[in-house]
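Student: Fold the following and give me the result.
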Amino acid sequence: MMEDRLLDPACAARMRRLIFDDLGYPMAWAIEAAKMRFADSDAVQFEFDAFFSPRLRIERQVTHAEFCASAAEVTEKYGLAIDEVMRAAGLTDTQVDNVFLTGGTSQLRFVRDIFAQRFGSALVDSRDSLTSVCEGLAVS
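Tutor: Reported below is the predicted structural model:
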């Protein structure tokens with residue numbers, strides 16, 4: 001059994017319970033709530049207490065720096081995707097006059113910083129970032 005080889009066998013038991021009790025969505029919402037709190041803080045308390053089960057209760061202080069470091073691979077891919085889009089469009093960075101960010105993740109400081117550092121913070125724009133995709137991203 002996997003638990004026999006772990007320093008903390010409770011981790012595997014919690015993971016098994018998370019999967020078999022179909023708690024993936026509640027966990028995702030707990031993660032999303034913590035991400036949103038980073039807008040106002042350099043550290044957040046992550047909490048997951050699905051159905052008040054003591055076996056699944058997870059609490060951990062997470063700093064913004066830790067969160068950024070954990071997302072380093074993804075943010076590197078953002079930069080590569082921007083390079084690819086610019087190349088495909090035949091544009092240089094100085095030819096861009098507006099960068100419109102949409103979606104909840106685009107509100108994270110380290111994601112916005114990718115675009116601000118590349119295009120300048122004055123060009124980075126967002127309006128209702130959570131519904132703008134549905135509204136068609138009409139910018140006048």
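Student: For residue 108, the count of nearby residues, please.
Tutor: 20 (other C-beta atoms under 10 Å). (C-beta placed from N, C-alpha, C; glycine too.)
Student: List the buried residues in stretch 62-80.
Tutor: Counting neighbours by 16 or more other C-beta atoms under 10 Å, one finds that the buried residues in stretch 62-80 are 62, 67-68, 71, 78.
Student: Sort out which of those residues are in helices and list them.
Tutor: 67-68, 78 (DSSP state H).
Student: give me the low-pLDDT residue ranges for the protein?
Tutor: Applying pLDDT under 70 to the chain picks out residues 1-3, 50-55, 128-140.
Student: buried sites along stretch 88-99?
Tutor: For stretch 88-99, by 16+ other C-beta under 10 Å, it's 96, 99.
Student: Alpha carbons of that stretch, in PDB - could you do that?
Tutor: Presented in PDB, the C-alpha positions along stretch 88-99 are these (Å, rounded to 0.1, in the frame of the first residue of the first chain):
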ATOM      1  CA  ALA A  88       2.200  35.200 -36.000                       C
ATOM      2  CA  ALA A  89       0.700  38.700 -36.100                       C
ATOM      3  CA  GLY A  90       3.900  40.200 -37.400                       C
ATOM      4  CA  LEU A  91       3.900  42.800 -34.600                       C
ATOM      5  CA  THR A  92       6.600  44.200 -32.300                       C
ATOM      6  CA  ASP A  93       5.800  45.000 -28.700                       C
ATOM      7  CA  THR A  94       5.900  48.800 -29.500                       C
ATOM      8  CA  GLN A  95       3.100  48.300 -32.100                       C
ATOM      9  CA  VAL A  96       0.600  47.200 -29.400                       C
ATOM     10  CA  ASP A  97      -1.600  50.000 -28.200                       C
ATOM     11  CA  ASN A  98      -3.800  48.100 -25.700                       C
ATOM     12  CA  VAL A  99      -3.500  44.800 -23.800                       C
END
